[in-house]
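1. Got a predicted structure plus its sequence, pasted below:
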Amino acid sequence: MCIFRHRFAFILLLVILGACSSGESELPAGVDQKVFRYSMDSAPTSLDPVRASTLYANQLVVNLYDTLYVYKYLQRPYELRPNLATAMPEISPDGLTYTIPVKQGIYFADDPAFPGGKGRELTAHDFIYSLKRHFDPSTRPAGAWLWQGRIVGLDEWKQAGSDYAQEIPGLRATGSHVVQIRLKRPYPQLVDTLALGFSGVVPREAVEYYGREFSINPVGSGPFRLVSYDSSRAVLVPQENFRREVVDLEYEGYDAATQSQYGVALIDGRIPPFIDQLEIYFIKEGSARWSSFTKSNEIQYAGLPNEQVDRVLVSTNPVTLNPGYAEQYHMKTALEAGFVFSTFNMDFPEFGYNDDPERERRNHALRCAMIRGFDWESRNDSWYSGIGKVFPGIIPPVVPEYDAGLSRDSVIYDPEGARSLLAANGWNTATLPVLTYGTTPGPTSRLFFEQFRAWMMRIGYPKEKIVLKTYATFGDIAKAWRNSELPLISKGWGLDYPDAENTLQLFYGPNASPGSNDGNYRNAEYDEMFRQAGVMLPSPVRTDLYHRMNQLVIDDCVAITGLSRVGIALWHKNVIALPDRNFVGGRFMYYVDVLDPDAPEVQALR
Amino acid sequence: MSARAEVAVSVGAHGDSLWSKALRKFRRDRVGMWSLAVVLAYAVVALGVVLGLWAGDWADVSGPKWAPVSGEYWFGTNIIGQDIFARSLYSTRTAFEVGLVVALGATALGAVLGSTAGFFSGSWIDEVIIWLMGVLDSVPFILLVAAISYTLQGSPWAMHIAMIATFWIGTARLIRGEVIKLKSLEYVEAAHAIGVSRFMIIFRHILPNTFHILLVQATLSFVAAIKSEVILSFLGLGVKDGMSWGLMISESTFEVLAGFFNNFIAASVLMFGLVMAFNMFSDALQDALDPRTVK
Amino acid sequence: MEVFQYVLRKLLAGIPLVLGVTLISFVLIVYFGPDKTYELLGKNPTADEIAEIRSQLGYDQPFVTRYMDYLREIVTLDFGSSESTDEKVSSILARTVPTSIALAIPGFVLGNLLGVVLALVAAYYRGFWVDKFIMGFAAVGMSISFLIAIIGFQILFSSSDGLDLLPVRGWDMSTPLQYIRYVTVPTLATVFVALGYNTRFYRAVIVEEMTRDHVRTARAFGVPPVQLFYRNILKNSMIPIVTRIMFSIPVIVISGSLLLESYFGIPGVGKVTYDAIVTGDQPILKAVVVLTAVLFVIAQLLADICYRVVDPRVSLK
Amino acid sequence: MASTENNALLSVRDLVVEFETDQGVLRAVDGVSFDIHPGETLGLVGESGCGKTVTGLSMLGLVPSPPGRIASGSIMFDGSDLVSMDETGLREIRGSQISMIFQEPMTALNPVFRIGSQMRDVLQRHQKLTRRQAHSTAIEMLAKVGIPEPAGRVDDYPHQLSGGMRQRVMIAMALSCGPKLLVADEPTTALDVTTQAQVLEQVVRLQKEFGMAMILITHDLGVVAETCQQAVVMYCGRIVERSSIEALFASPRHPYTAGLLASIPRVTDERQEVLPVIPGMVPDLLHLPQGCAFAERCSRVRDRCRQKSPRLELLQSTQTSVACYEPNA
């Protein structure tokens, strides 16, 4: 026999044994530990706040790092409150200078990055350093656009080579614990941006100590610290240096009428975090998440997957759990802070702007016909359990400026109307332009395409004129969007803050490719109104401007829009929480308590 | 074993060409004949799709969501209301398209490069071809497909090309060995002596004598292509526009745990039938063409 | 000494192969490969930001410079950091390779062991119904797609429509019991599919060896079956068997089972590779491709040395 | 031959060996009977495919099964029937009581073990020798078969030896346990001519020295003439003639035997004539004619030859048995 083979097998064995013993350290036995097992549908890529561009990264980042402001745990609509800041900012009358006092006695988590391994105190300088990192290309920042062209001297600082030793006039510490921001023009959404994961405060020592791997070695002042992290799960434990703050339920916006059923009143007057360990599982497939959730000892939180709806719900309007499930789980429907839509690329002369005014007019009719031929209700039924909210225009229902009274004509399925509109404008199988539909691989996106194609065929589009183009990676299709290579862009937009400005900018002319205005919509009237509204604080006037802009997009038939998904979140009865995937986001986990399933408090909730 | 060899000699006493003998042997192989019939039945289904006789409406979404099996929808419908029966039939066409393109491409490439390497064995041409085979063999298959699919920018042929780029190697190795054996035979040397060009020697005199190997290799590539398609489509590297069993199975991955088995069962049973029949057919073909077996 | 020289010669001969692999992978994956820029960008980028990221990623360098960088990475075995997570490629591999091995080993060992056993039984009863039954089973195994087997076993063991005994997906090696719970379904699927191929392969090898003259000689001298199997059949079949096993090793160690790991969400090197494919994470792809090629060279070498050990007729030249 | 069973070492009676093929059952050996006495040499002669090797393998129960099997008949050896004996019993006899050597010296030895190891193996199993004893016996045996430097050669692998040397090793192995019967299946066919003679001489010498009986399977009548006392001629699985060597060569009775003898070149002839050959082809064993298998090629064929196969019968006033209606005078 071959001795080498034996030896190799032996080495393999050693490796396996090594791997076994290096597995997660289980919690000490015998002690009653509280573990919250949360699940998400994807793994975050980077835990560095400057790159926390995804929902998934944000859920972790806001637990590992602290921001100056956060949204109140229970208040709906969402409302900001100070977090690292001692108060809401002091804003100068011209709206250009923000003075923010920072709490004393906040400490970063202990880490080898610090001298002696002890976390040091957080100061205003740390915040300034953290914001500057968004303007340092070497960090590959993803959130700089939120402050670009807004803060005095910040863009110039980047132009000059991002030298951290250099002071920035508009971003200064006026004391060790006071931040002062000076703006070029009013930016009412600034405070909202300071509650984003992007604004998490990082210590410079850790960034320098870990170099590129800072992204997987987070060191912050948040309520938790990371114990282990791979592509399948992250394990966090309470951060020892985190401040002890008592929960004031009333201040957090508790509403007994809608929230008492979740038992969140139980945390009033107590000091979070209440759990000993936070485990976040990244499970891509909804069905796998679901079956893990329904086992009593695995994940305790999951969204209800589309395909389980018939089994689990008695009805979808209103959403009602099957009694068997209602006994075991808390349920909450949550309207997403975002929406899915498709926008035509107006730079394509076949569909959008054209030098020939007549053709441009016909193109307008073509777009309007395609919008009428798009069956939102079917899409909602197939993919969103029929409970998603279909709405006209680009102001989604989640924001306060949503106009419930807006005409729904643009979202009503009308294939006959579409056909006659096409016929009236000289469109037939021969003249209709080829439409390239871009997707990334995957069964869902392909079925989306097939649905779209079938609808377009119903309004008279020939099958072979709707062409599928598959991009190998998300990056590749994003490149096609940014470089204006596709006539139709289908995507979802997640709002960064609860203000319609965040979606209206998607059609703002100066944001054209490679910016976020993928449709390259350019309308001088729209752009002017956007600029006007941009410097205004929330007011009826501003809301009116928003509504007029919305109507322009609808009238110009720029986009097939839209639908805000409604998620059905379920969590075990003994988990005391109000989960959130919008603006509070992952921060809700700070308030989670896990009780004994047989405890009387839990029984009372059943 | 010499006892068997003796028997073989006495049975094979009637002089016969390899092909007519193989045909006779194959005809007697009941399993082989049955599997051929099954394969042909699938081929008819595929041909019908090509001719537009059926499954033309596979892309229609007018059915209800996840309809159960019924008289109207024989295999039920999928999440967007497409008829799974029509999709299954259409996928048969895709399977034959993928199988045939890859089998022909890989076998042809393997034959050309393998015979060239064999004919020039020992020279640099041979070295280069062997090196190429080694290189392609060392890149994990799925990575190679992914890489080719990047380079071809999502072309629908990326999968076919990637499969051909890997599947030819096995054929080429066999052909190379066979050609090295054949080229020392007298008639080849005779052709050399009377000044027949190298090209002609390879393609007129040597390659035809490896045809039985090529035939078997082509059937193996066909099966391998259909099976790979499933996995590649699941990983998003397979069939782009159109419908295939692989796409149906990849769709089913999010349905089966919720108890919707129609896509999964339709695609996997149909695929299993074709692959199994083709495997059996390939086996029977090998037996029939193998001069060593007397069966 | 002979072995040492041989190893050295073989490794040198492996260089063109590895270079070829690097060139192909460079052209296909790196140069014409996916563009990571647009995934790293924020929601509302400017042209400047795009240029900055491209330069960060080195996309603005010419072909030769980038290829040379790649070669340098290979020589220094430093493949840099993942462009997605910024984690060092070396630490990603160190973390994921053991998982992949732990995932693959039971299926690999069982698949081969059972394959040999079934093949032996089939070969022993060659022509009888036992043989036909086993080979029919092998044909079924060969005809079922791996993906179908995976889904089938998952439904059977893990779903509420089946036995509902084991976790649907995931991975945990903290205790042997957990390990068994998670490794069972992937292993069953692997064994089921691999068994078909293995049984056929080993049966062919064993039948080939069984019909050799020296086996008849041994029987003519009264050698009992067990000894016949060890001394005349197994040892003589070692060359194809060693080849098969050796060449499976690079695949297990480096590419893992991409399909199993991505389907079950197991954090092994296959999953990492798949994610790298999907997100166009070039440093990881580069490392995986090259390390696989290097392991192939090493496997070839080990196989040759094993041949030498197994068969005195083989000489290391 | 008059059967005096009480003193025959091996007595084969009506042996039938069949092979299962897809096209039907094939009779490779059909009703073969013969006896061998201790120390005697029997030549088993015929063209390839006539069933002589299968007959030889039957002596050790080595007919490959499936597809082959001994359908009927008996092989009495030392008072027990080898046909009904179980595998364990046969293993005891193989290599110790009955040995066999094969045609192909190049492949008949296990290539991955040293020849010493292979020889020791036989000795240790059958003679219950210790390793050391077996080793020296092996060297002794190698010396006996004329291998130079046997003490060094014993550690060689088969591929390091020439064909003739390997066949000598086979012989040494076959004789090492002092068998009573040696079945030699074309032992020299694969060797070159000079080696053939040496090896054959060696075998005959050792046969005498050990006092064994031997069945020599060959297609070469010359070899039979030199070494055997008795000869059995087979055609299409049947014995066509059985007689002493002298009688066979002096007056072959069966037309087939006569044909075989006529095709042997004789150096004594002054002029080189064109050698006569037997016309026609050997029939397909699966489609044997109804009557005598040789009928189609026979110059003296009669009608009844085509209807019913002649039985092997003792020819009056001779020691020769022949299966022919019209034997030569």
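-> Thanks, I have the structure now.

2. from here on, contacts and neighbour counts on C-alpha atoms
-> Fine.

3. Which residues of chain D lie near chain C?
-> Remark: the part of chain D in contact with chain C comprises D:60, D:62, D:66-67, D:90-96, D:99-102, D:104, D:107-112, D:122, D:157, D:159, D:174, using C-alpha under 8 Å from any C-alpha of the partner chain.

4. out of those residues, which touch chain B?
-> Counting by C-alpha under 8 Å from any C-alpha, no member of the residues of chain D next to chain C reaches chain B.

5. Are any of these buried, and if so which?
-> D:60, D:62, D:67, D:90-96, D:99-102, D:104, D:107-112, D:122, D:157, D:159, D:174 (16 or more other C-alpha atoms under 10 Å in any protein chain shown).

6. Give me the subset of the residues you listed that lies in strands.
-> D:99-101 (DSSP state E).

7. Dump those residues into CSV; add distance to A:Asp192 and pLDDT as well.
-> Formatted as CSV, these follow (distance: C-alpha to C-alpha, whole Å; pLDDT from 0 to 100):
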residue, distance to A:Asp192, pLDDT
D:Ser99, 97, 88
D:Met100, 96, 88
D:Ile101, 96, 86
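
8. Show the overlap between those and what lies near chain A.
-> Counting by C-alpha under 8 Å from any C-alpha, the subset of those that neighbours chain A is empty.

9. Ignoring the adjacent residues along the chain, who's closest to the residue of the stretch 51-200 of chain D at minimum distance from chain A?
-> Distances between the stretch 51-200 of chain D and chain A by C-alpha to the nearest C-alpha are smallest at D:Val112, namely 11.2 Å. Nearest residue to D:Val112, sequence neighbours excluded (C-alpha to C-alpha, 6 or more residues apart in numbering or on different chains): C:Asp311, at 5.4 Å.

10. Ramachandran angles for that neighbour?
-> phi -120, psi 110 (degrees, to the nearest 10).

11. what does A:Gly567 give?
-> According to degrees, to the nearest 10, A:Gly567 has phi -90, psi 150.

12. I figured it hits A:Ala334, correct?
-> Yes. Using C-alpha atoms under 8 Å, A:Gly567 is in contact with A:Ala334, at 5.1 Å.

13. Between those two, which has more neighbouring residues?
-> The neighbour comparison of A:Gly567 against A:Ala334 (other C-alpha atoms under 10 Å in any protein chain shown) goes to A:Gly567, with 20 against 17.

14. can you tell me which residues contact that one?
-> By C-alpha atoms under 8 Å, 6 or more residues apart in numbering or on different chains, A:Gly567 lies in contact with A:303-304, A:333-336.

15. Just the buried ones from those residues, in ChimeraX syntax?
-> Only the buried entries of those go into this ChimeraX selection, using 16+ other C-alpha under 10 Å:
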select /A:303,304,333,334,335,336
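
16. what's the helix or strand bottoming out on mean pLDDT in chain D in contact with?
-> Across the helices and strands of chain D, mean confidence by mean pLDDT, DSSP states H and E is lowest for strand D:313-314: a mean of 79. With contacts defined as C-alpha under 8 Å, 6+ apart, strand D:313-314 is touched by D:1, D:320-323.

17. nearest residue to D:Ile278 other than its sequence neighbours?
-> That would be D:Gly259: by C-alpha to C-alpha, 6+ apart, it lies 6.0 Å from D:Ile278.

18. In which helix or strand does the one you found reside?
-> Using DSSP states H and E, D:Gly259 sits in helix D:255-262.

19. list the contacts for residue 234?
-> I went with chain A, as the question did not name one. A:Ala234 makes contact with A:226-228, A:279-281, according to C-alpha under 8 Å, 6+ apart.

20. The intended chain is chain D.
-> Contact partners of D:Met234, counting by C-alpha under 8 Å, 6+ apart, are D:44-47, D:50-52, D:240-241.

21. mind listing which of the residues you listed are in helices?
-> D:Lys52 (DSSP state H).

22. filter the contacts of D:Met234 to the buried ones?
-> By 16+ other C-alpha under 10 Å, the contacts of D:Met234 give D:44-47, D:50-52, D:240-241 as buried.

23. could those be laid out in TSV, adding distance to A:Tyr497 and pLDDT?
-> Formatted as TSV, these follow (distance: C-alpha to C-alpha, whole Å; pLDDT from 0 to 100):
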residue	distance to A:Tyr497	pLDDT
D:Leu44	102	88
D:Val45	102	87
D:Gly46	100	83
D:Glu47	98	81
D:Cys50	96	82
D:Gly51	94	83
D:Lys52	96	84
D:Val240	106	85
D:Glu241	109	87
